[in-house]
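Visitor: 3D, please:
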Amino acid sequence: MIDTLDDLDVEGTTVGVRVDVNSPIDAEGSLADDARLRAHVDTLSELLERGGRVAVLAHQGRPGGDDFVSLAPHADRLSVLLDRPVEYADATFTDAAREAVRSLDNGECVVLENTRFYSEEYMEFEPERAARTHLVEGLAPVLDAYVNDAFAAAHRSQPSLVGFPTVLPGYAGRVMESELDVLGSIEVTPEPRVYVIGGAKVPDSIDVAWSVLEKGLADHVLTAGVVGNVFLIADEVDLGDASSDFIYDQGYWDEIDRAQDLLDAYGDRIALPRDVAVERDGDRHELAVNALPPRDGEAAMDIGHSTLAYYERILEDAGTVILNGPAGVFEDETFETGTKELYGAATSVPMSIVGGGDTASALRQLGVEGFSHVSTGGGAALRMLTAEPLPAVTALENGPRADD
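Guide: Got it, this is the predicted structure:
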């Protein structure tokens, strides 16, 4: 059982709120996309409007990356989104950070510095050990409660995610609550259920396919993207050297055997592309599977219109569709067709769920809307869809309650 904001007596309470606002950063160091910040506006607004004193915790980028920057621009953007001043503190658990939190009045908010500026946050611990890190021991004494709204990071066991709810009363924010409600009840969604697995995260996608087929959750699994290419090779289709070399270079060659095992066990429920799109003479050129391999140097970059028609017929009879991963190299306008049209068709299904991550990014870029639920988490959504526990959720379930 997880407590939510409905269970929190907010007024006058100092709340540490973990969000996931890890965002694209442009060449000038500014936010290139504020979608992840906008996702948390409801949670933060509610806490502030109910008189909470809010200290925001978040990470941005990874050490050594160009997007490994301070959260100052995030604080500025939140000021606009929340329509109220949001302070920024360039520390997370030091005396300066604690003072910034102590000085908050009811209805005020401060964004603390990037949690990953401290090495412990880039490590994973058991909750009890995470509670003894410098971050948690330094900041927890000035907090009364902890709210986790960072579903997209919930598959990780880092101090800001599992340490605080081990020593403080923990609550799910509105994003977390919504994600758990939807993704945690897939088995009761309308049938037939169709899973669309695409993109380039082949091992994760095959894990999902195995899980949902074994558990009887999926009536059909539609394959696309690099995942679809792996299944085509497993089905003894010659995709040519360019596509095969890419799969090999990514370390996915062994996944072909796993895809073959899936086809042997559940081939009647797994749909493979019937044609692919390649670049030829600077244009999109579609090839039926029986016309492969393509010319030297041509790689399968998208599904073709024959595949789209085939998949759309399956979706017409679906009660629920769960989508994870784009159908092709959607970033290139020449190869956006498969993703745009397939996902557009999915919006007409009674229940349509998007698995987050790269998929959500693709939809924003392509302007596709109308889904029942778009998850904020890629890896976390995959874990839930395979019934794997999420460490941050488990920590909320097992932590102390306000009335303990």
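Visitor: and the helix or strand bottoming out on mean pLDDT in the chain, C-alpha only, in PDB?
Guide: Sorting the helices and strands of the chain by mean pLDDT, DSSP states H and E puts helix 358-366 at the bottom, at a mean of 81. The C-alpha trace of helix 358-366 is given here as PDB (Å, rounded to 0.1, in the frame of the first residue of the first chain):
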ATOM      1  CA  ASP A 358      12.100   7.400 -26.900                       C
ATOM      2  CA  THR A 359       8.500   6.700 -27.900                       C
ATOM      3  CA  ALA A 360       7.200   9.800 -26.100                       C
ATOM      4  CA  SER A 361       9.900  11.900 -27.700                       C
ATOM      5  CA  ALA A 362       9.000  10.600 -31.100                       C
ATOM      6  CA  LEU A 363       5.300  11.500 -30.600                       C
ATOM      7  CA  ARG A 364       6.100  15.000 -29.500                       C
ATOM      8  CA  GLN A 365       8.300  15.500 -32.500                       C
ATOM      9  CA  LEU A 366       5.700  14.100 -34.900                       C
END
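Visitor: tell me the helix or strand right after it.
Guide: Counting by DSSP states H and E, the next helix or strand C-terminal to helix 358-366 is strand 373-374.
Visitor: quick one: the strands in the stretch 301-404 of the chain?
Guide: In the stretch 301-404 of the chain, the strands defined using DSSP state E, counting those that start in this stretch lie at 302-303, 320-324, 351-354, 373-374.
Visitor: the least confident helix or strand of the chain to strand 320-324, inter-axis angle?
Guide: 90 degrees (axes from the mean of the first three to the mean of the last three Cα atoms, to 10 degrees).
Visitor: hmm, who's touching helix 358-366?
Guide: Under the criterion Cβ atoms under 8 Å, 6 or more residues apart in numbering, residues 33, 35, 198-199, 201, 323-326, 330-331, 336, 339-340, 343, 354, 369, 371, 374-376, 378 lie in contact with helix 358-366. Backbone N, C-alpha and C define where each C-beta goes, glycine included.
Visitor: rewinding a little: of all the strands of the stretch 301-404 of the chain, which one is nearest residue 12?
Guide: Closest to residue 12 of the strands of the stretch 301-404 of the chain is strand 373-374 (Cβ to Cβ; 34.0 Å).
Visitor: and for the closest one, what's in contact with it?
Guide: Contacts to strand 373-374, defined as Cβ under 8 Å, 6+ apart, come from residues 178, 182, 352, 353, 354, 356, 360, 363.
Visitor: so where's this structure shaky on pLDDT?
Guide: For the chain, the stretches with pLDDT under 70 are 356-357, 404.
Visitor: domain map for the chain?
Guide: In the domain annotation for the chain, the residue ranges read 5-178+390-398, 191-349 (automatic domain parsing).
Visitor: tell me which of these lies nearest to residue 382.
Guide: Nearest to residue 382 among the domains of the chain is domain 191-349; the distance by Cβ to Cβ comes to 5.2 Å.
Visitor: and the closest one, how far apart are its ends?
Guide: End-to-end distance for domain 191-349: 11 Å, by Cα to Cα, to the nearest Å.
Visitor: swap in stretch 197-207?
Guide: By Cα to Cα, the extent of stretch 197-207 from end to end equals 11 Å.
Visitor: can you pull the buried residues of that stretch?
Guide: By 16 or more other Cβ atoms under 10 Å, the buried positions in stretch 197-207 come out as 197, 198, 199, 200, 201, 202, 204, 205, 206, 207.
Visitor: kindly confirm my reading that residue 135 is in a helix.
Guide: Yes: using DSSP: H, G, I helix; E, B strand; the rest coil, the secondary structure at residue 135 is a helix.
Visitor: any idea how far residue 93 is from it?
Guide: When distance is defined by Cβ to Cβ, to the nearest Å, residue 135 is 5 Å away from residue 93.
Visitor: residue 59: what's it in contact with?
Guide: Per Cβ under 8 Å, 6+ apart, neighbours of residue 59: 20, 22, 114, 115, 116, 121, 153, 160.
Visitor: hang on, residue 238 packs against residue 290?
Guide: No: assessed by Cβ atoms under 8 Å, residue 238 is found out of contact with residue 290, at 10.6 Å.
Visitor: which neighbours do the two have in common?
Guide: Common neighbours of residue 238 and residue 290, counting by Cβ under 8 Å, 6+ apart, are absent.
Visitor: who's more crowded, those two?
Guide: Neighbours per residue (other Cβ atoms under 10 Å) separate residue 238 from residue 290, with residue 238 holding more: 13 against 8.
Visitor: related to what we said a few turns ago, now the strands of the stretch 301-404 of the chain as CSV including mean neighbour count and distance to residue 256?
Guide: Below are those laid out as CSV (neighbours: other Cβ atoms under 10 Å; distance: least, Cβ to Cβ, whole Å):
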stretch, mean neighbour count, distance to residue 256
strand 302-303, 30, 19
strand 320-324, 27, 20
strand 351-354, 22, 27
strand 373-374, 18, 31
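Visitor: okay if I get the ones you listed as JSON lines plus distance to residue 148?
Guide: Output for these, formatted as JSON lines (distance: least, Cβ to Cβ, whole Å):
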{"stretch": "strand 302-303", "distance to residue 148": "37"}
{"stretch": "strand 320-324", "distance to residue 148": "23"}
{"stretch": "strand 351-354", "distance to residue 148": "21"}
{"stretch": "strand 373-374", "distance to residue 148": "19"}
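Visitor: nearest to residue 265, out of those strands?
Guide: Closest among the strands of the stretch 301-404 of the chain, using Cβ to Cβ: strand 320-324, at 19.9 Å.
Visitor: pull the CA atoms of that closest one into PDB?
Guide: What follows is strand 320-324, C-alpha atoms only, in PDB (Å, rounded to 0.1, in the frame of the first residue of the first chain):
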ATOM      1  CA  THR A 320      -5.900  -2.200 -25.800                       C
ATOM      2  CA  VAL A 321      -2.600  -1.300 -27.500                       C
ATOM      3  CA  ILE A 322       0.600  -0.900 -25.600                       C
ATOM      4  CA  LEU A 323       3.300   0.900 -27.700                       C
ATOM      5  CA  ASN A 324       7.000   0.900 -26.900                       C
END
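Visitor: which residues touch that strand?
Guide: Residues contacting strand 320-324 (Cβ under 8 Å, 6+ apart): 186, 189-199, 205, 208, 315, 343, 346, 349-357, 359, 378, 381-382, 385.
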